[in-house]
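>>> Dropping a prediction and its sequence here:
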Amino acid sequence: MTGRPEVVPPNALTPAWPDRAAWGTAGSLRAWQAAAMSKYFESNPKDFLAVATPGAGKTTFALTLANELLARRVVERITIVAPTEHLKTQWAEAAARVGIAIDPTYSAGQGKTSKDFVGIAVTYAGVAVNPLAMRLRTERFKTLVIMDEVHHAGDALSWGDGVREAFDPAHRRLALTGTPFRSDINPIPFVTYAPGDDGVPRSLADYTYGYSHALADHVVRPVLFMAYSGEMQWRTRAGDELSARLGEPMTKDQHQHALRTALDPKGSWMPAVLEAADKRLSEVRRHVPDAGGLVISTDQESARAYAKLLRAITGESPTLVLSDEKAASKKISKFSDSQDRWMVAVRMVSEGVDVPRLAVGVYATTTSTPLFFAQAIGRFVRARKRGETASVFLPSVPHLLENASQMEVERDHVLKRKKNDDGDIFAEEQHLIDAANASEGAADDLLGSFEALDSSAVFDRVLYDGGEFGHSGEVHVGSEEEMDFLGIPGLLEADQVRDLLKARQVERAAKQREVRPQRVETVEDVSTHEQLAVMRRELNGLVAAWYHRTGQAHGITHAELRKQCGGPAAAVATGEELRARIDKIRDWAVRKSS
């Protein structure tokens with residue numbers, strides 16, 4: 001058995017990467033991959049950082065480069081560093097397809113591997129456990145180190161220090177990333193920094209291929225972001241009962257609590273959005289029969305609940321991926337090769353995992369940093385053929401809508417900790433979240449104890465190509481107006497999607513301008529659910545006004561109203577009970593004014 005096929009080295013007198021006509025097996029490279037190869041061999045650097053949008057083909061670029069360096073005998077061994085166990089296997093399988101034998105089961109304690117292997121695949125965490133052993137292996141041969149999603153080496157000092165110690169003696173290092181770097185104080189090993197216009201150091205990429213370029217080249221799919229709003233009601237640790245509409249101005253804590261209320265599987269928001277997403281998937285599958293959907297959950301408990309909801313909606317049991325284990329990798333691979341409709345996962349499918357048929361996503365996690373958001377959306381953008389589109393359903397909260405509207409923005413790693421940034425989570429906080437997600441009790445409140453009481457969903461808008469469509473009045477879930485957007489064909493060119501959305505927008509505006517006969521709306525015209533929701537909002541607004549007037553906490557006010565008027569908590573009170581409390585607090589306000 002041989003580790004790799006025989007490759008004829010290029011003429012020693014022409015060390016640069018050969019012209020397209022001379023590529024041979026490399027002739028299938030995309031234009032950006034060929035350009036990055038040319039740039040690499042123009043300078044033959046020890047360190048090279050390639051930033052390419054998810055789905056662009058970083059793996060192919062890296063393995064083609066590795067093959068060429070092996071053929072030229074510039075390097076003798078390869079070490080691939082990946083974020084997760086699953087990705088180690090994925091890299092090894094991709095390398096095998098181009099004739100490079102990689103051992104994904106290697107651990108620092110075992111020392112040697114079979115001579116059939118040209119290299120190994122390890123995780124950043126594995127390197128941090130025993131960096132000295134990795135250093136000794138790196139020193140033994142002229143080694144090329146490929147660091148996949150290299151921003152992980154800046155996640156924690158132990159990981160960064162381990163990578164730096166283990167691979168400092170490497171002959172060549174290739175760093176890859178497909179997502180925007182977060183701002184923090186930990187420099188990423190072997191990445192060059194230079195002061196920006198504001199004097200703050202920023203990472204310097206040797207080659208960058210952003211989402212906007214990849215979209216123009218038809219390398220990635222266009223993404224339709226389907227944003228859903230709705231009324232949320234929750235109880236805080238202090239006992240205050242609050243209500244708010246997703247997307248409206250709130251404090252940072254209120255935004256987080258409203259988001260968590262929306263994502264509560266026991267409410268009405270998630271079932272409505274999952275049903276809408278499944279309708280969208282059905283429409284896409286009319287044109288792309290094997291299209292699949294993915295729900296990205298915050299924790300295991302929620303993931304199980306979402307899977308149960310999907311089973312009730314579709315009649316099929318979705319693939320449930322709960323943790324980064326070998327069994328999880330097999331589940332992902334099996335789903336990738338099947339025609340099953342849905343997979344539900346706890347975060348781990350957010351980065352690097354290659355399931356090209358994913359076309360519809362539900363962003364059901366409270367993690368909302370630009371870094372994680374780009375990783376998650378990267379699971380849906382891999383293009384297979386012209387005209388495929390991706391659709392991602394998300395809550396209408398400001399930082400998620402901002403992330404969606406800035407998909408095409410290129411970012412560098414900034415060596416400065418962000419402050420007062422609603423969308424940023426510091427590295428140490430991220431590790432706390434990761435640890436929580438690995439346990440059954442991950443839902444137990446990193447953001448303060450609260451109880452989700454009630455939620456409802458309405459279609460808000462579509463974000464696409466930097467524009468917003470459909471955001472001109474409330475659209476009820478299940479309505480024909482909602483289907484105008486859910487029913488967009490699943491196989492359209494990017495400009496056709498844009499034109500269709502504009503046409504839908506014009507049609508909707510025309511309908512709203514039509515003169516309709518005036519009539520008096522009676523109580524009977526409004527459903528009981530809507531009546532109660534309106535009364536709860538009115539009550540909560542009066543309680544909030546009472547707080548600003550008296551300083552009395554919301555929970556105390558609600559408790560006093562219940563004591564005087566009777567009945568259960570507002571979330572389950574009858575209309576008569578709510579009306580009595582509304583009248584009572586209005587009476588208090590009149591008496592205080594007099």
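Received the coordinates, thanks.
>>> ok, now which ones touch residue 390?
221, 222, 223, 224, 358, 359, 360, 361, 377, 380, 381 (Cβ atoms under 8 Å, 6 or more residues apart in numbering). C-beta: built from backbone N, CA, C; applies to glycine.
>>> quick one, domains of the chain?
20-209, 223-513, 525-593 (automatic domain parsing).
>>> average pLDDT for the second one?
Rounded to a whole number, the mean pLDDT of domain 223-513 is 80.
>>> hang on, the earlier thing: for residue 217, which of the domains of the chain is the nearest?
Set against residue 217 and scored by Cβ to Cβ, these come closest in domain 20-209, at 6.7 Å.
>>> Give me the mean pLDDT for that closest one.
87.
>>> And it, how far out from the chain middle?
23 Å (Cα atoms, centre = their mean, to the nearest Å).
>>> which residues touch the residue lying closest to residue 32 once chain neighbours are set aside?
Of all residues beyond its chain neighbours, the one nearest residue 32 is residue 209 (4.3 Å), with distances taken as Cβ to Cβ, 6 or more residues apart in numbering. Residue 209 is in contact with 32, 36, 50, 51, 52, 53, 56, counting by Cβ under 8 Å, 6+ apart.
>>> For the residues you listed, which two are the farthest from each other?
Distance extremes for these: the farthest pair is 36 and 53 at 13.0 Å, using Cβ to Cβ.
>>> Next, count neighbours for residue 562.
Using other Cβ atoms under 10 Å, residue 562 has 16 other residues around it.
>>> Same question for the one 5 residues further on.
As a burial measure, the neighbour count of residue 567 was computed by other Cβ under 10 Å and equals 15.
>>> Provide a list of residues in contact with it.
When contacts are taken as Cβ under 8 Å, 6+ apart, residue 567 is in contact with 573, 574, 577, 580, 581.
>>> Try it again at 10 Å.
With contacts defined as Cβ atoms under 10 Å, 6 or more residues apart in numbering, the neighbours of residue 567 are 561, 573, 574, 576, 577, 578, 580, 581.
>>> Switch the contacts of residue 390 over to JSON lines; also include secondary structure and neighbour count.
Supplementary listing: those in JSON lines, determined by DSSP: H, G, I helix; E, B strand; the rest coil; neighbours: other Cβ atoms under 10 Å:
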{"residue": "221", "secondary structure": "coil", "neighbour count": "25"}
{"residue": "222", "secondary structure": "coil", "neighbour count": "24"}
{"residue": "223", "secondary structure": "strand", "neighbour count": "21"}
{"residue": "224", "secondary structure": "strand", "neighbour count": "23"}
{"residue": "358", "secondary structure": "strand", "neighbour count": "22"}
{"residue": "359", "secondary structure": "strand", "neighbour count": "27"}
{"residue": "360", "secondary structure": "strand", "neighbour count": "29"}
{"residue": "361", "secondary structure": "strand", "neighbour count": "26"}
{"residue": "377", "secondary structure": "helix", "neighbour count": "26"}
{"residue": "380", "secondary structure": "coil", "neighbour count": "24"}
{"residue": "381", "secondary structure": "coil", "neighbour count": "28"}
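>>> Dump those to JSON lines, plus distance to residue 394.
Written out in JSON lines, the entries for the contacts of residue 390 read as follows (distance: Cβ to Cβ, whole Å):
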{"residue": "221", "distance to residue 394": "17"}
{"residue": "222", "distance to residue 394": "16"}
{"residue": "223", "distance to residue 394": "11"}
{"residue": "224", "distance to residue 394": "11"}
{"residue": "358", "distance to residue 394": "15"}
{"residue": "359", "distance to residue 394": "15"}
{"residue": "360", "distance to residue 394": "12"}
{"residue": "361", "distance to residue 394": "9"}
{"residue": "377", "distance to residue 394": "10"}
{"residue": "380", "distance to residue 394": "12"}
{"residue": "381", "distance to residue 394": "15"}
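>>> Out of the residues you listed, which is nearest to residue 488?
Minimum separation from residue 488 among the contacts of residue 390 (Cβ to Cβ) is found for residue 224, which lies at 7.0 Å.
>>> Number of residues surrounding the residue lying closest to residue 171 once chain neighbours are set aside?
Of all residues beyond its chain neighbours, the one nearest residue 171 is residue 142 (4.1 Å), with distances taken as Cβ to Cβ, 6+ apart. Using other Cβ under 10 Å as the criterion, residue 142 is surrounded by 15 other residues.
>>> what do you get for residue 45?
14.
>>> try residue 327
Neighbouring residues of residue 327 were enumerated by other Cβ under 10 Å; the total is 10.
>>> What of the one 3 residues further on?
Neighbourhood size, residue 330 [other Cβ under 10 Å]: 13.
>>> The residue nearest to residue 171 and residue 170 touch, don't they?
Yes - in this structure residue 142 lies within contact range of residue 170 using Cβ atoms under 10 Å: 8.7 Å.
>>> where do the contact lists of the two overlap?
Contact with both residue 142 and residue 170 is made by residues 75, 77, according to Cβ under 10 Å, 6+ apart.
>>> excluding its backbone neighbours, what's nearest residue 487?
The spatial neighbour of residue 487 that comes closest, neighbours along the chain excluded (Cβ to Cβ, 6+ apart), is residue 283 at 5.4 Å.
>>> The one you found sits in which helix or strand?
Remark: residue 283 resides in helix 269-287, with elements defined by DSSP states H and E.
>>> following that helix, which helix or strand shows up next?
Of the helices and strands lying after helix 269-287 in sequence (DSSP H and E), the nearest is strand 292-297.
>>> Perfect, I'm done here.
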